[in-house]
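output the structure for:
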Amino acid sequence: MSKRRSPSFVLSLELRKDPALFSVIANNLEICRVMYNTVLGSYLKLETQMKRERKYKKYIRQWKAVSKKLEQDHENPSLIQDKKHIEAQLSDLRKKYQLTEYASHHWVKPVRQHFGNRVNAAFAQKTVSRAWFAFREKLFGKAQKVHFIQKGKMKSFEGKTNDTGWRYIDRHIVYKDLRTSLIIKKHDAYAQQVISAIEEKEPFSYTTRDKGGTKTIDDHTRVKYVRIVQKKIRGKIRYFADLVINGYPPSKGKAIGKGRVGLDIGTSSLAVSSLSHVSLVNLAEDVQPVSDKIRLVQRKMDRSKRAMNPENYHADGTIKRGMKTWVFSKRYHILRSSLKALHRKQAVIRKQSHQRLANEILGFGNQFNIETMNFKALHLRKKETTISAKTGKYIRKRRFGKTIGHRAPAMFVSILEEKAKRLGGSLLKVNTHRFKASQYCHQRNTYVKKPLSERWHRIDEGICIQRDLYAAFLLMNSNAKGTKADRKKCLATFDSFKRLHNQEVRQIVNQQKIIFNSGIRFQS
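Next up is the predicted model:
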């Protein structure tokens with residue numbers, strides 16, 4: 001029986017400096033790193049042994065054949081049953097080779113004893129569970145390989161409860177006979193409010209599914225467990241405690257609107273359409289200045305690396321194959337530290353930008369319809385090699401990796417979904433290929449495929465609508481199942497949408513604001 005999951009959120013607070021306690025944290029981080037790598041290595045060895053078995057090869061061939069047939073006949077009950085049977089056999093084979101999460105909890109015991117049981121048992125188990133989650137991605141084909149953690153690169157460890165090991169007690173982090181206080185700033189009203197809710201055991205309730213129905217559970221605010229995190233900020237090592245808290249975070253006075261909202265998200269921009277508001281914005285606009293600095297630092301690092309290691313490069317500047325010895329200058333190490341600081345700053349700015357945008361959109365409605373996008377696939381390079389008919393040169397294989405890395409559209413979707421559900425709203429993820437928002441025209445009631453370069457949708461001779469905003473409009477008027485646009489709703493709301501659309505386009509032109517891939521032109 002699966003464990004019931006209650007709602008939770010995280011409050012991150014810095015630890016007040018305590019040399020003795022910080023020394024123990026650094027020691028525990030290194031031990032956890034060894035545990036992680038040891039267990040991960042065991043998983044990889046057992047996986048190699050399993051893949052040598054004839055049974056495994058046979059099951060994989062059968063699974064691929066059945067999956068291919070199911071692509072043509074989705075609802076064939078016989079094929080569905082065959083696939084379930086093959087997957088059950090593969091599951092039994094994985095259990096035979098101990099490729100499960102709980103096997104790692106047994107493997108870590110001798111490693112923990114080797115280090116004199118200096119790491120709490122619950123923290124050790126949680127660490128090797130992380131190794132399992134990383135390996136599981138490779139085991140089920142979602143990742144090509146896994147990475148071991150280098151010395152000094154383990155940045156966090158966490159427990160399972162607030163009863164043993166590292167724990168939170170009365171605004172302090174306690175471990176055995178050591179303790180240090182948490183730094184709670186006086187002007188941080190949010191942290192003060194959360195800490196007060198913990199101390200007063202503020203009650204809350206949530207609903208969960210129970211035997212086909214719903215059940216209301218009454219609970220109180222408390223710390224579930226503590227995560228200790230190491231960060232390097234401006235060249236100094238600092239330690240933080242992430243308090244994973246049972247309950248809902250304070251709302252900060254935010255209120256959710258009413259009505260449907262359509263969201264058309266791309267790799268770098270977002271189109272929003274509601275009954276009262278239409279907008280087209282860039283995702284994480286504030287990261288661009290930091291991204292420019294990162295690019296310049298990376299170029300300096302590359303020049304320094306080439307100057308110190310000319311023997312590792314060909315005459316045309318390409319890197320030589322095979323084993324090489326690298327020598328890095330003092331300047332290179334300074335630049336690398338600067339690069340890490342910029343990446344940390346960029347991550348903070350990106351998340352804050354997403355949260356501000358999500359808070360703004362929450363006021364437009366309470367039912368959000370958004371297309372599903374496989375951002376992981378979009379960041380990969382193209383497999384096929386093509387030549388341009390116009391220039392005769394090879395077309396570059398790079399796609400949207402850098403843009404997705406800077407703008408993090410998937411993070412925005414998860415932030416919006418979490419905020420909407422917490423405030424009583426809902427988020428419906430619409431299947432992109434089935435809905436076909438970029439192809440449908442509600443006026444003609446037809447689907448016409450358009451090239452990606454065509455950024456405007458022509459309704460008739462006199463009306464052109466920006467493509468992304470029109471897709472958001474169609475998503476706003478989706479049917480209940482999210483399979484297609486409801487034409488009656490589209491016809492009823494189009495005049496209001498067109499007026500708001502024209503206002504938004506005029507505002508973008510007047511402000512001369514560059515919206516990526518929008519097709520909106522203005523004189524600079």
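
low-confidence stretches in the stretch 101-250 of the chain?
By pLDDT under 70, the stretch 101-250 of the chain contains no weakly predicted segment.

ok, now the stretch 301-450 of the chain?
377, 379, 397-398.

please enumerate the helices of it.
Listed in chain order, the helices of the stretch 301-450 of the chain (DSSP state H, counting those that start in this stretch) span 330-362, 375-378, 401-407, 409-422, 432-435.

you'd agree Tyr59 is in a helix?
Yes. According to DSSP: H, G, I helix; E, B strand; the rest coil, Tyr59 belongs to a helix.

so Ile184 makes contact with Ala191?
Yes. Proximity of Ile184 to Ala191 meets the contact threshold set by Cβ atoms under 8 Å, at 5.3 Å. Where C-beta positions appear, they are placed from N, C-alpha and C, glycine not excepted.

okay, the helices of the stretch 301-450 of the chain in CSV with distance to Glu454 and mean neighbour count next?
Below are these laid out as CSV (distance: least, Cβ to Cβ, whole Å; neighbours: other Cβ atoms under 10 Å):
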stretch, distance to Glu454, mean neighbour count
helix 330-362, 27, 16
helix 375-378, 19, 13
helix 401-407, 20, 18
helix 409-422, 22, 18
helix 432-435, 17, 14
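
could you dump those helices to TSV with distance to Lys258?
Below are those laid out as TSV (distance: least, Cβ to Cβ, whole Å):
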stretch	distance to Lys258
helix 330-362	11
helix 375-378	30
helix 401-407	29
helix 409-422	13
helix 432-435	24
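
those: which one's closest to Asp82?
For the helices of the stretch 301-450 of the chain, proximity to Asp82 was assessed by Cβ to Cβ; helix 432-435 is nearest, at 25.3 Å.

report the distance from that closest one to the chain centre.
Here helix 432-435 is found 22 Å from its chain centre; the criterion is Cα atoms, centre = their mean, to the nearest Å.

what is in contact with Ile184 and Ala191 at once?
Leu13 (Cβ atoms under 8 Å, 6 or more residues apart in numbering).

so the two - more neighbours on which side?
Ala191 (19 against 14; other Cβ atoms under 10 Å).

using the three-state scheme, assign that one.
helix.

what residues are up against it?
So Ala191 contacts 11, 13, 184-185 (Cβ under 8 Å, 6+ apart).

I'd like the secondary structure assignment at Leu280, please.
Leu280 - assigned by three-state DSSP - is strand.

still on that earlier bit, among the helices of the stretch 301-450 of the chain, which is nearest His74?
Nearest of the helices of the stretch 301-450 of the chain to His74, taken as Cβ to Cβ: helix 432-435 at 11.8 Å.

identify the residues contacting the closest one?
By Cβ under 8 Å, 6+ apart, the list of residues contacting helix 432-435 reads 371-373, 474-475, 478, 482-485.

which one (most neighbours) among those residues?
When neighbours are counted by other Cβ under 10 Å, Leu474 leads the contacts of helix 432-435 with 30 neighbours.

how close does the nearest residue to that residue once chain neighbours are set aside get to Glu418?
In this structure, Leu474 finds its nearest non-sequential neighbour in Ala485, 4.3 Å apart by Cβ to Cβ, 6 or more residues apart in numbering. Ala485 is 27 Å from Glu418, where distance means Cβ to Cβ, to the nearest Å.

how about Gly41?
Taking Cβ to Cβ, one finds Gly41 at 35 Å from Glu418.

before we move on, what about Val327?
47 Å.

show me what contacts the most centrally placed residue in the chain?
Residue closest to the average C-alpha location in the chain (Cα atoms, centre = their mean): Met411, at 4.7 Å. By Cβ under 8 Å, 6+ apart, Met411 lies in contact with 350-351, 354.

same deal with Asn28?
So Asn28 contacts 118-119, 123, 157, 228 (Cβ under 8 Å, 6+ apart).

just among the residues you listed, which is most surrounded?
Phe157 (27 neighbours).

so that one sits right up against Phe123, yeah?
Yes. Contact criterion Cβ under 8 Å: Phe157 and Phe123 qualify, at 5.4 Å.

quickly list what's touching both of the two.
With Cβ under 8 Å, 6+ apart, Phe157 and Phe123 have common neighbours 28, 32.

got a list of contacts for stretch 173-182?
In contact with stretch 173-182 (Cβ under 8 Å, 6+ apart) are residues 13-18, 20-21, 24, 165-169, 171-172, 226, 228, 241.

now do the end-to-end distance for it.
7 Å (Cα to Cα, to the nearest Å).

and what of stretch 166-175?
5 Å.

show me how far it is from its chain's centre.
Per Cα atoms, centre = their mean, the centroid offset for stretch 166-175 relative to its chain is 30 Å.

then stretch 240-255?
In terms of Cα atoms, centre = their mean, the centre of stretch 240-255 is found 19 Å from the chain centre.

ditto for stretch 5-23
Counting by Cα atoms, centre = their mean, stretch 5-23 comes out at 22 Å from the chain centroid.

stretch 373-387 now?
19 Å.

contacts for it?
265-267, 393-395, 397-401, 404-405, 409-410, 432.

for Pro178, grab phi and psi.
Careful, residue 178 is Leu; it's not Pro. The phi/psi pair for Leu178 (degrees, to the nearest 10) reads phi -100, psi 150.

about what we covered before: are any of the contacts of Ala191 buried, and which?
11, 13 (16 or more other Cβ atoms under 10 Å).

among the contacts of Ala191, which one sits closest to Gln81?
Taking Cβ to Cβ as the measure, Leu11 is the one of the contacts of Ala191 closest to Gln81, at 47.6 Å.

show the pLDDT at the residue of the chain positioned farthest from its centre.
Seen from the C-alpha centroid of the chain, the residue lying at the greatest distance (Cα atoms, centre = their mean) is Glu461, 42.4 Å away. For Glu461, the pLDDT comes out at 75.

quick check: the nearest residue to Lys484 once chain neighbours are set aside vs Leu475, distance?
With Cβ to Cβ, 6+ apart as the criterion, Lys484 has its nearest non-adjacent residue at 6.2 Å, and that residue is Phe435. As for Phe435, its distance to Leu475 is 7 Å (criterion: Cβ to Cβ).

please identify every residue contacting each of the two.
371, 485.

contacts only, for Val146.
Taking Cβ under 8 Å, 6+ apart, one finds 40, 44, 134-135, 137-138 in contact with Val146.
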